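K.L.:
Provide a 3D model corresponding to the input given below.
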Amino acid sequence: MNRDYPLEKVRNFGIIAHIDAGKTTTSERILYYTGQSHKIGEVHEGEATTDWMEQEKERGITITAAAITCFWNPTYMGADLTKKHRFNIIDTPGHVDFTVEVERSLKVLDGGVVVFDGVAGVEPQSETVWRQADKYNVPRICFINKLDRTGGSFERSYQSILERLNKNAVRMQIPIGEEDKHEGVIDLMKMKAYRFEGDMGNQVVEGEIPAEYLEDAKKYRAELVERIVENDDDLMNAYLEGREISIEALKETLRKATIANKIFPVFTGSALKNKGVQLVLDAVVEYLPSPLDVPPVKGIDPNTGEEILRHASDTEPFAALAFKLQTDPFVGQLTFFRVYSGTVEAGSYLYNGTTGNKERLGRIVRLQANKREEVKKVYAGEIAAAVGLKEAKTSHTFCDESKPIILDPIKFAEPVVSLRIEPKTKADQEKMGIALKKLSDEDPTFRISSNSETGETLISGMGELHLEIMIDRMKREFSVEANVGKPQVAYKETIQNEAEAEHKYIKQSGGKGQYGHVKLTLKPLQPLKEGAKIPKNVSREEGFEFIDSIKGGVIPQEFIPAVEKGVKEAMDRGIVAGFKMVDISCELTFGSYHDVDSSEIAYKIAASQAFQEAAKRARPVILEPIMKVEVVTPEKFMGDVTGNLNSKRAQIVSMSDRGQNKVILAMVPLAEMFGYVTSLRSLSEGRASSTMEFDHYEVVPPNVEKTIVEARK
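P.N.:
Alright, predicted model coming up:
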């Protein structure tokens with residue numbers, strides 16, 4: 001069985017944006033125009049196809065990334081069906097609490113369509129998703145949406161992209177009219193006007209540019225051509241000699257520059273009013289990469305540790321990355337995976353390179369949001385979901401057992417908010433454990449921990465809304481009733497100085513005794529330099545480094561892991577107020593052993609005690625999460641809003657104008673921000689809005705530390 005679509009006709013792309021910029025509405029239009037749905041579902045009516053969870057319908061926001069496969073025949077190619085392209089699209093959430101979904105989607109996608117609100121322009125989450133796309137080198141095209149709304153301005157939004165995101169954005173279109181006069185768009189490449197007529201704007205009508213827009217169109221086209229020819233010496237020479245450059249040559253060069261992230265083409269329209277979406281789909285075909293256009297994926301050979309590459313080809317050894325787990329009420333667990341090379345068939349055995357185990361791959365499905373289509377075989381460059389895998393987790397690599405590879409795992413942000421949770425009844429207890437495990441498997445930023453001393457269960461996540469949704473899902477999907485505490489800040493601890501300590505653990509109690517003796521040096525952890533190799537005697541993970549500097553076997557090699565384990569357990573318990581410690585480098589410099597009495601447990605206890613003694617001398621401090629907060633407020637409430645922020649230990653970073661409103665950007669400790677949305681409403685008669693995202697951890701001031709320590713007693 002051969003693939004039904006050649007690789008060059010496949011596009012894997014995501015739709016990414018700030019909350020409320022119109023991503024899901026744009027996705028709905030795409031499904032409609034590509035023939036996947038016969039009726040358009042509107043987000044504000046709770047009908048969107050890609051928002052299929054109950055919580056998404058109620059709140060009108062996207063929570064999980066929905067994967068859709070559809071087919072597009074570019075409008076400029078007429079009805080020639082041999083030109084059809086396959087789109088694998090992921091509609092991602094815009095709310096900062098669900099940033100994990102954007103992160104993992106961008107890791108496996110080849111391109112992105114970034115949607116902007118034509119009234120607000122670039123917003124805080126637009127910046128976050130742009131940075132995430134930069135991290136994974138994802139080529140992007142921009143779509144300035146909502147130009148039909150009051151206050152919609154293409155030029156202002158376009159300028160905000162240049163100023164706040166990237167100077168390499170370039171206009172591909174300009175609008176015909178704005179706000180209630182928005183009629184269509186002008187294509188600067190072809191110098192034609194486009195209007196969208198008929199039922200749901202599905203007839204794209206090409207015409208001449210209206211006279212009043214002709215001057216602007218000529219000016220901006222010259223600018224566009226200049227930006228394109230800068231990327232090709234031959235075109236540049238032709239341009240300087242005054243020769244006419246063909247549209248084909250311009251498009252080909254623009255495609256290369258877009259894929260290389262040297263240009264970001266900007267399109268415009270209104271998804272809700274059915275204007276401009278088809279031309280964005282054409283742009284996806286013309287300018288975003290196929291799997292053949294992106295660099296081969298890098299991985300590590302688990303046997304040798306060497307870096308190896310896999311190219312997008314059906315004939316290369318199989319390699320795929322699991323990027324998302326989802327519990328489906330009808331078929332059980334779905335494991336979404338992106339195939340980078342090779343092919344895999346339903347019914348075969350799937351080798352998990354990360355764990356070294358094999359599982360039977362019973363069924364493979366391709367998703368149309370919450371509907372599914374069974375497929376027998378998946379090829380390189382495709383995205384699909386496996387049904388019923390028991391062991392697979394997010395970031396695991398599936399590969400050819402005879403040619404193993406481990407692909408780069410996806411790195412996730414640390415959770416910043418925690419709360420206590422306990423089952424209401426004995427019957428809920430076991431169900432709660434199963435539910436929490438399934439939810440944390442699905443979402444790596446949702447963590448569960450238990451306090452061994454109090455027996456309490458703590459759940460942690462990216463924000464109040466994140467945890468609220470998780471508890472809601474636990475009730476609805478797993479029928480678990482639970483009592484929930486108040487949200488708490490996920491504080492951490494660290495050290496600021498260097499210190500050392502020595503500890504001997506000796507216990508004689510008749511018969512075999514216990515003997516462990518270690519000397520440790522603690523220092524604040526320094527970031528790794530770019531390209532630095534980690535020495536053999538160092539084990540390093542996020543926030544911790546252990547260096548074995550023992551010379552001449554004063555501690556037998558088999559006890560060294562016990563020393564590291566003892567240190568890690570002491571770090572989990574904390575020093576100042578019992579919070580987990582991070583960013584510590586611990587060096588084992590000396591010790592001794594006893595031929596008979598030395599044991600793993602003795603070294604573990606000795607290391608734990610030595611760590612605590614050294615950490616107390618190394619100026620331990622508490623760290624708190626600092627949030628980047630943006631408040632958009634009418635000018636008359638500006639004084640009240642800034643005064644209120646200052647009372648919350650905020651550092652005001654900048655103040656600017658956005659249309660009729662003022663925008664305040666501030667760094668504020670998370671501890672001060674619980675319930676902020678409600679207090680902001682009452683300060684501004686409900687007219688101000690705010691967004692908040694995690695930025696960094698910072699040492700808490702001494703007076704605040706004192707309060708935290710007392711509260712923990």
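K.L.:
Strands along the stretch 551-700 of the chain, start to end?
P.N.:
Using DSSP state E, counting those that start in this stretch, the strands found in the stretch 551-700 of the chain span residues 584-592, 620-634, 651-658, 661-669, 689-699.
K.L.:
Which strand residues bridge G112?
P.N.:
G112 forms beta bridges with G14, R140, as assigned by DSSP bridges.
K.L.:
And the strands in the stretch 301-450 of the chain, which stretches?
P.N.:
Under the criterion DSSP E, counting those that start in this stretch, strands of the stretch 301-450 of the chain are mapped to 307-310, 319-328, 332-341, 344-345, 349-352, 357-360, 363-368, 371-375, 377-378, 383-387, 397-399, 406-407, 417-423, 447-450.
K.L.:
So which elements touch the last one?
P.N.:
Packing partners of strand 447-450 (3 or more CB pairs under 8 Å, 6 or more residues apart in numbering; DSSP states H and E): helix 426-442, strand 457-461. C-beta coordinates here come from the backbone N, C-alpha and C atoms, glycine included.
K.L.:
That strand pairs with which strands, parallel or anti?
P.N.:
Strand 447-450 is paired, per DSSP bridges, with strand 457-461 (antiparallel).
K.L.:
Ok, the fourth one next?
P.N.:
For strand 344-345, sheet partners with direction are given as strand 377-378 (antiparallel), following DSSP bridges.
K.L.:
which outside residues touch the partner strand?
P.N.:
For strand 377-378, contacts defined as CB atoms under 8 Å, 6 or more residues apart in numbering pick out M1, V339, T343, V344, E345, A346, I364, A384.
K.L.:
what do you get if the cut-off is 7 Å, keeping everything else the same?
P.N.:
M1, V339, T343, V344, E345, I364, A384 (CB atoms under 7 Å, 6 or more residues apart in numbering).
K.L.:
Turn the buried ones among the residues you listed into a named PyMOL selection, would you?
P.N.:
Buried members of the contacts of strand 377-378, identified by 16 or more other CB atoms under 10 Å, are gathered into one PyMOL selection as follows:
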select buried, resi 339+343+344+364+384
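K.L.:
Need the winner for burial among the strands of the stretch 301-450 of the chain.
P.N.:
A comparison of the strands of the stretch 301-450 of the chain by mean neighbour count, using mean count of other CB atoms under 10 Å, puts strand 397-399 on top with a mean of 26.
K.L.:
In its sheet, which strands sit next to it, and in what direction?
P.N.:
By DSSP bridges, strand 397-399 pairs with strand 319-328 (antiparallel), strand 349-352 (antiparallel).
K.L.:
End to end on stretch 456-467, go ahead and measure it.
P.N.:
Terminal residues of stretch 456-467 are spaced 17 Å apart (CA to CA, to the nearest Å).
K.L.:
which parts of that stretch are buried?
P.N.:
Neighbour counts using 16+ other CB under 10 Å place T457, L458, I459, S460, G461, M462, G463, E464, L465, H466, L467 of stretch 456-467 among the buried residues.
K.L.:
which residues does the residue nearest to A614 when sequence neighbours are not counted bridge with?
P.N.:
The spatially closest residue to A614, leaving aside those adjacent along the chain, is A501, at 3.7 Å (CB to CB, 6 or more residues apart in numbering). For A501, the beta-bridge partners are L520 (DSSP bridges).
K.L.:
show me the contacts for L279.
P.N.:
So L279 contacts V185, Y194, F267 (CB under 7 Å, 6+ apart).
K.L.:
For the helix or strand containing it, output the C-alpha coordinates as PDB.
P.N.:
Per DSSP states H and E, L279 falls inside helix 277-287. Provided in PDB are the C-alpha atoms of helix 277-287 (Å, rounded to 0.1, in the frame of the first residue of the first chain):
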ATOM      1  CA  VAL A 277      -9.200  32.600   5.000                       C
ATOM      2  CA  GLN A 278      -8.900  30.800   1.600                       C
ATOM      3  CA  LEU A 279      -5.900  33.100   0.700                       C
ATOM      4  CA  VAL A 280      -4.200  32.100   3.900                       C
ATOM      5  CA  LEU A 281      -4.600  28.500   3.000                       C
ATOM      6  CA  ASP A 282      -3.100  29.200  -0.400                       C
ATOM      7  CA  ALA A 283      -0.200  30.900   1.400                       C
ATOM      8  CA  VAL A 284       0.300  27.700   3.600                       C
ATOM      9  CA  VAL A 285       0.800  25.700   0.400                       C
ATOM     10  CA  GLU A 286       3.000  28.300  -1.200                       C
ATOM     11  CA  TYR A 287       5.200  29.500   1.700                       C
END
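K.L.:
Next secondary structure after it?
P.N.:
Going down the chain from helix 277-287, the next helix or strand is strand 297-300, by DSSP H and E.
K.L.:
Tally up the residues packed near K426, please.
P.N.:
7 (other CB atoms under 10 Å).
K.L.:
ugh, typo on my part, it should be V709
P.N.:
13.
K.L.:
same check, this time on Y593
P.N.:
18.
K.L.:
List the contacts of it.
P.N.:
Y593 makes contact with Y515, I555, P556, according to CB under 7 Å, 6+ apart.
K.L.:
Among those, the buried ones, what's the ChimeraX command?
P.N.:
Here is the ChimeraX command that selects the buried residues among the contacts of Y593 (16+ other CB under 10 Å):
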select :515,555
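K.L.:
Pipe the contacts of Y593 into CSV and attach pLDDT per row.
P.N.:
What follows is the contacts of Y593, written out as CSV (pLDDT from 0 to 100):
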residue, pLDDT
Y515, 92
I555, 90
P556, 90
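K.L.:
any idea which of the contacts of Y593 is the one closest to I209?
P.N.:
Checking the contacts of Y593 against I209 with CB to CB, the nearest one is I555 at 80.2 Å.
K.L.:
re earlier: looking at the strands of the stretch 551-700 of the chain, which is nearest to E163?
P.N.:
Comparing the strands of the stretch 551-700 of the chain by CB to CB, strand 651-658 comes nearest, at 10.0 Å.
K.L.:
following the worst-scoring helix or strand of the chain on mean pLDDT, which helix or strand shows up next?
P.N.:
Across the helices and strands of the chain, mean pLDDT, DSSP states H and E gives its lowest value to helix 54-59, namely a mean of 42. Downstream of helix 54-59, the next assigned helix or strand under DSSP H and E is strand 66-72.
K.L.:
Which other helices and strands does that next one contact?
P.N.:
Here strand 66-72 touches helix 23-33, strand 85-91, strand 363-368, going by 3 or more CB pairs under 7 Å, 6 or more residues apart in numbering; DSSP states H and E.
K.L.:
which SS class is the residue most central in space within the chain?
P.N.:
Nearest to the geometric centre of the chain sits E103, at 1.7 Å (CA atoms, centre = their mean). With DSSP: H, G, I helix; E, B strand; the rest coil as the basis, the three-state label of E103 is helix.
K.L.:
Chain neighbours aside, what residue packs nearest to it?
P.N.:
Using CB to CB, 6+ apart, the closest residue to E103 is Q132 (5.8 Å).
K.L.:
hey, C-alpha coordinates of the helix or strand hosting the one you found in PDB?
P.N.:
Here Q132, judged by DSSP H and E, is contained in helix 124-135. Output of helix 124-135 as PDB, limited to C-alpha atoms (Å, rounded to 0.1, in the frame of the first residue of the first chain):
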ATOM      1  CA  PRO A 124       1.300  39.100  25.800                       C
ATOM      2  CA  GLN A 125       0.500  35.500  24.700                       C
ATOM      3  CA  SER A 126       1.300  36.500  21.000                       C
ATOM      4  CA  GLU A 127       4.800  37.200  22.300                       C
ATOM      5  CA  THR A 128       5.000  34.000  24.300                       C
ATOM      6  CA  VAL A 129       3.900  31.700  21.300                       C
ATOM      7  CA  TRP A 130       6.300  33.700  19.000                       C
ATOM      8  CA  ARG A 131       9.200  33.000  21.400                       C
ATOM      9  CA  GLN A 132       8.200  29.300  21.500                       C
ATOM     10  CA  ALA A 133       8.100  29.100  17.700                       C
ATOM     11  CA  ASP A 134      11.600  30.800  17.600                       C
ATOM     12  CA  LYS A 135      12.900  28.200  20.000                       C
END
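K.L.:
Does anything pack onto it? Which helices or strands?
P.N.:
For helix 124-135, the elements it packs on are strand 10-17, helix 99-108, strand 111-117, strand 689-699, judged by 3+ CB pairs under 7 Å, 6+ apart.
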